[in-house]
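Undergrad: how does the following fold in three dimensions:
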Amino acid sequence: MSQHNLLLGYRKAKKDLISLYNNTVDKEDRSLISDILATANLLSRA
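TA: Now for the predicted structure:
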């Protein structure tokens, strides 16, 4: 998979996770999604 395709996949996944976060009421679920987004953000900078 090319780096360009990986970037597009990452952006779509991030957008989907943000949408899921915004539509989630449960605090534990929101916290988990937030942790996933933070980890993905760190990994994307590595």
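
Undergrad: what strand or helix carries T24?
TA: Mapping T24 onto the secondary structure by DSSP states H and E places it in no helix or strand at all.

Undergrad: surely it is in contact with S34?
TA: No - if you go by CB atoms under 8 Å, T24 and S34 don't touch, sitting 10.0 Å apart. Placement of C-beta: from N, CA and C, glycine included.

Undergrad: low pLDDT regions in the chain?
TA: Scanning the chain for pLDDT under 70 picks out the ranges 1, 46.

Undergrad: ok, the residue nearest the centre of it to S34 distance?
TA: Nearest to the geometric centre of the chain sits K14, at 3.5 Å (CA atoms, centre = their mean). With distances defined as CB to CB, to the nearest Å, the gap from K14 to S34 amounts to 12 Å.

Undergrad: so I33 makes contact with N23?
TA: No - under the criterion of CB under 8 Å, I33 makes no contact with N23, lying 10.1 Å away.

Undergrad: now do the helices in the protein.
TA: When secondary structure is read from DSSP state H, the chain shows helices at 3-22, 27-45.
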